[in-house]
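> sequence unknown, structure follows:
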């Protein structure tokens, strides 16, 4: 490791190694990374190109695939290891101030969706004015229906109302009413699009009837506050992952933040002098200022000093635990973190997703006597009816208004 110049490595190798070690990467992993760096440099030398010029994700991907095929090694494993090693190398060079090209190009990849689906997406955006964030769900729901039609060997021009009825009836046997209602809504839009573009002869959209749904037909999924405290207590505070998970879940439980809101908090959103931080609502994009409570402050300071990587590639508060330490983005990851620590605490529930702590916070506030309007303002609810659902799970208050059963 000391004779880097004799091993054919870049002069900045020792600096990159220090960055890796400062972020907890083991020596065994570093040796493996450097082996792939040497192999890639030899490839670049044969091509007569600079390694810095070719150090991008698409080029590394093609090189790793070609190398695995020539040497007849396991393609998936070799490609993944090479990609990870050189990605860590690119991130390490950037952390040292060495100019490197963007690892992932910013150009948008051309869509591989069928032409019919692309035309439907344009129709939804331009004619019906839906948000861009809605399109992904629409395409996924539409793919299920198109698959159903293909299995029936039916062409688009030959779609009949019986096909739609059979599809929705099959969905009702497997899915919740709200999910079926969502699919029925997408089908109405799709059939209107087909009729307006002369792909079908009759307008079938008006014949679709989804399941009847009542507002707030199910109480919010909340945990008893004692179970929330058990989960927070069981999280280990002596590891990087534990400090991150504790600060993350504590903020969600104390402030009722949803996954998108807590993952959107950046270091620049925290005002340490005024003991407050700024949150952008995931749906409305409105900003709200919340106080930094003492317990949350201690958890954040412990995470930032001892848990957060020293050379992340983002200003996000919560980052991933593997190089190149980008922003923690997936709400599903928060659900996984919650279930992991809930299992360790012996807490079980029919549903443990990223929204459970938000529901638990609201229910706790109602139990403590906080006005529903105040709780709604903190959670960012636009309608009072949304907050009123939490009153139904405030069991202690409900017992006070119960009437005796007549004999």
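Structure received. All values derive from a computational prediction rather than experimental measurement.

> what is the helix or strand where residue 76 lies packed up against?
Of the helices and strands defined by DSSP states H and E, residue 76 is found in helix 75-95. Here helix 75-95 touches helix 13-22, helix 27-47, helix 57-71, going by 3 or more Cβ pairs under 8 Å, 6 or more residues apart in numbering; DSSP states H and E. Where you see a C-beta, it was placed from the backbone N, CA and C, and this is true even at glycine.

> I'd say residue 378 and residue 257 touch.
No: counting by Cβ atoms under 8 Å, residue 378 does not reach residue 257; the two are 9.7 Å apart.

> who has more neighbours, the two?
It is residue 257, of residue 378 and residue 257, that has more neighbours when counted by other Cβ atoms under 10 Å, with 27 against 18.

> so for residue 363, which of the helices and strands packed on helix 75-95 sits nearest?
For residue 363, the closest of the helices and strands packed on helix 75-95 is helix 13-22, at 42.3 Å, according to Cβ to Cβ.

> and the nearest residue to residue 235 once chain neighbours are set aside, what's its pLDDT?
Here the nearest residue to residue 235 in space, its sequence neighbours aside, is residue 246; by Cβ to Cβ, 6 or more residues apart in numbering that works out to 4.4 Å. Note on residue 246: pLDDT of 95.

> roughly how far apart are residue 246 and residue 252?
For residue 246, the distance to residue 252 equals 11 Å [Cβ to Cβ, to the nearest Å].

> what strand or helix carries the residue nearest to residue 235?
Here residue 246 is assigned to helix 240-255, by DSSP H and E.

> also residue 237?
Residue 237 belongs to no helix or strand, assigned by DSSP H and E.

> what's near enough to touch it?
By Cβ atoms under 8 Å, 6 or more residues apart in numbering, the contact list for residue 237 reads 243, 246, 302.

> helix or strand right after the helix holding residue 246?
Downstream of helix 240-255 (by DSSP H and E), the next one is helix 259-263.

> now do that next one: which elements does it pack against?
Using 3+ Cβ pairs under 8 Å, 6+ apart: helix 259-263 touches helix 240-255, helix 331-345.

> most tightly surrounded among the ones you listed?
Burial of those is given as mean neighbour count (mean count of other Cβ atoms under 10 Å); helix 240-255 ranks first at a mean of 22.

> coming back round to it: right, and the helices and strands packed on helix 75-95 - which one's nearest residue 264?
Going by Cβ to Cβ, the one of the helices and strands packed on helix 75-95 nearest residue 264 is helix 57-71, 24.8 Å.

> okay if I get the helices and strands packed on helix 75-95 as TSV plus distance to residue 326 and mean neighbour count?
Formatted as TSV, the helices and strands packed on helix 75-95 follow (distance: least, Cβ to Cβ, whole Å; neighbours: other Cβ atoms under 10 Å):
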stretch	distance to residue 326	mean neighbour count
helix 13-22	15	18
helix 27-47	18	16
helix 57-71	13	15
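
> could I get those as CSV with distance to residue 152 and mean pLDDT?
Converted to CSV, those look like this (distance: least, Cβ to Cβ, whole Å; pLDDT from 0 to 100):
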stretch, distance to residue 152, mean pLDDT
helix 13-22, 55, 87
helix 27-47, 49, 91
helix 57-71, 38, 86
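
> of these, which is nearest residue 177?
helix 57-71 (42.6 Å).

> what helices or strands is the closest one leaning on?
Using 3+ Cβ pairs under 8 Å, 6+ apart: helix 57-71 touches helix 27-47, helix 75-95.

> tell me how far residue 307 lies from residue 157.
Distance of residue 307 to residue 157, given as Cβ to Cβ: 59 Å.

> neighbour count for these two, which is higher?
Taking other Cβ under 10 Å, residue 307 and residue 157 do not tie; residue 307 has more neighbours (22 against 10).

> quick check: that one touching residue 243?
Yes: with contact defined as Cβ under 8 Å, residue 307 reaches residue 243; the gap is 3.3 Å.

> and the strands in the stretch 151-300 of the chain?
In the stretch 151-300 of the chain, the segments counted as strands under DSSP state E, counting those that start in this stretch are 270-271, 276-280, 287-291.

> just name the most buried of these.
Mean neighbour counts for the strands of the stretch 151-300 of the chain (mean count of other Cβ under 10 Å) peak at strand 276-280, with a mean of 17.

> between it and helix 240-255, how many degrees?
Calculated by axes from the mean of the first three to the mean of the last three Cα atoms, to 10 degrees, strand 276-280 forms an angle of 80 degrees with helix 240-255.

> sheet-wise, list the partners of strand 276-280 with their directions.
strand 270-271 (antiparallel), strand 287-291 (antiparallel) (DSSP bridges).

> and the gap between residue 23 and residue 310?
In this view, residue 23 and residue 310 are 6 Å apart by Cβ to Cβ.

> more neighbours: these two, which one.
A direct count of neighbours by other Cβ under 10 Å for residue 23 and residue 310 places residue 23 higher, at 22 against 10.

> need the pLDDT of the more buried one.
On the pLDDT scale, residue 23 is placed at 83.

> and if you look at residue 298?
Confidence for residue 298, expressed as pLDDT, is 95.

> please renumber the chain so that the first residue is 8 from this point on.
OK, 8 is where the count begins now, so the last one is residue 305.

> and it, how far from residue 232?
Counting by Cβ to Cβ - residue 305 and residue 232 are separated by 20 Å.

> among the two, which residue is more densely surrounded?
Shown here are residue 305 and residue 232; by other Cβ under 10 Å, residue 232 has more neighbours (15 against 12).

> quick one, what contacts the more buried one?
367, 371, 374.

> hmm, residue 342 is touching residue 360, no?
Yes: contact criterion Cβ under 8 Å: residue 342 and residue 360 qualify, at 4.7 Å.

> kind regards, and thank you for your time.
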